[in-house]
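*Asks:* Compute the structure for the input listed below.
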Amino acid sequence: MSTGPHCTAASRITDERFVNLFRTEICTAKGRSPWIFASRKRNPGPGPVTADAAVVVAVVGSEEQARLVLTREFRAPICAYELALPAGLVDAGETPEDAARREFREETGMELGRVLHVSPPLASSAGLTDETVAMVYAEASGAPSRENQTEHEDIEILLVSLEEIRALVGRPSSDVISSRLYPILLGYLSAGRIALPTGSWPG
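*Replies:* Numbers count the residues shown, from 1 in each chain. The predicted model follows:
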């Protein structure tokens, strides 16, 4: 009986500090095909999938004056500014919620309050990398500040209203919108308001 597609052990092609290229082969009933992918792990392979990073959907202010917290940062791979949600890697021993709180404070100078929902690990770009992220939906407070950003970070913090979201979607600029952010922007426009999940999730 066929066990379905599987991959051979991955072999490292590069030897960089943070991200490397690996080669594997996808084995199916039709044969084998090579695949190159990027990974932050030293030895990627089959096993339980845990989130490599936390992505924060943070809302500040009351419902009438709600603002979504965004970041604007220059990204080398696209050689352009990216509009995105605050995010960062999950350190050893951290939960996605722990990482979200730490990274959100470092990037924005603000604080996360009540967490409404944490997603399971979600694939970032499964044809390119094994990276997975957890989406953390939470209330936020405080004023934006760059004081806690690291020496390598130069992140602009934006608190955007529904009208500003409408402008972002309706009049695209040279800034590239993150694929994680764009569906959220459209969801808020469709709902006619900026709001966090309510009730029991999942449910």
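*Asks:* Please count neighbours and contacts with C-alpha atoms only from this point.
*Replies:* OK.
*Asks:* now the residue nearest to the spatial centre of the chain: how far from Ile36?
*Replies:* Central residue of the chain (CA atoms, centre = their mean): Val55, 3.8 Å from the mean position. With distances taken as CA to CA, to the nearest Å, Val55 is found 25 Å from Ile36.
*Asks:* Can I get the longest helix along the chain in CSV, CA atoms only?
*Replies:* For the chain, the helix with the greatest residue count under DSSP state H is helix 96-108. What follows is helix 96-108, C-alpha atoms only, in CSV (Å, rounded to 0.1, in the frame of the first residue of the first chain):
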residue,chain,number,x,y,z
PRO,A,96,4.0,32.3,20.3
GLU,A,97,2.2,34.6,22.7
ASP,A,98,5.4,35.2,24.7
ALA,A,99,7.3,36.0,21.5
ALA,A,100,4.5,38.3,20.3
ARG,A,101,4.6,40.3,23.5
ARG,A,102,8.4,40.6,23.4
GLU,A,103,8.7,41.5,19.7
PHE,A,104,5.7,43.9,19.8
ARG,A,105,7.3,45.8,22.6
GLU,A,106,10.7,45.9,20.9
GLU,A,107,9.4,46.9,17.5
THR,A,108,6.7,49.4,18.4
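*Asks:* Please state the offset of it from the chain centre?
*Replies:* In terms of CA atoms, centre = their mean, to the nearest Å, the centre of helix 96-108 is found 12 Å from the chain centre.
*Asks:* Now do the strands for the chain: every range, in order, please.
*Replies:* 6-7, 11-12, 20-28, 31-39, 53-60, 67-75, 80-84, 87-89, 111-118, 122-123, 132-141, 156-160, 176-177 (DSSP state E).
*Asks:* ok, Gly61 touching Arg67?
*Replies:* Yes. Judged on CA atoms under 8 Å, Gly61 makes contact with Arg67 at a distance of 6.3 Å.
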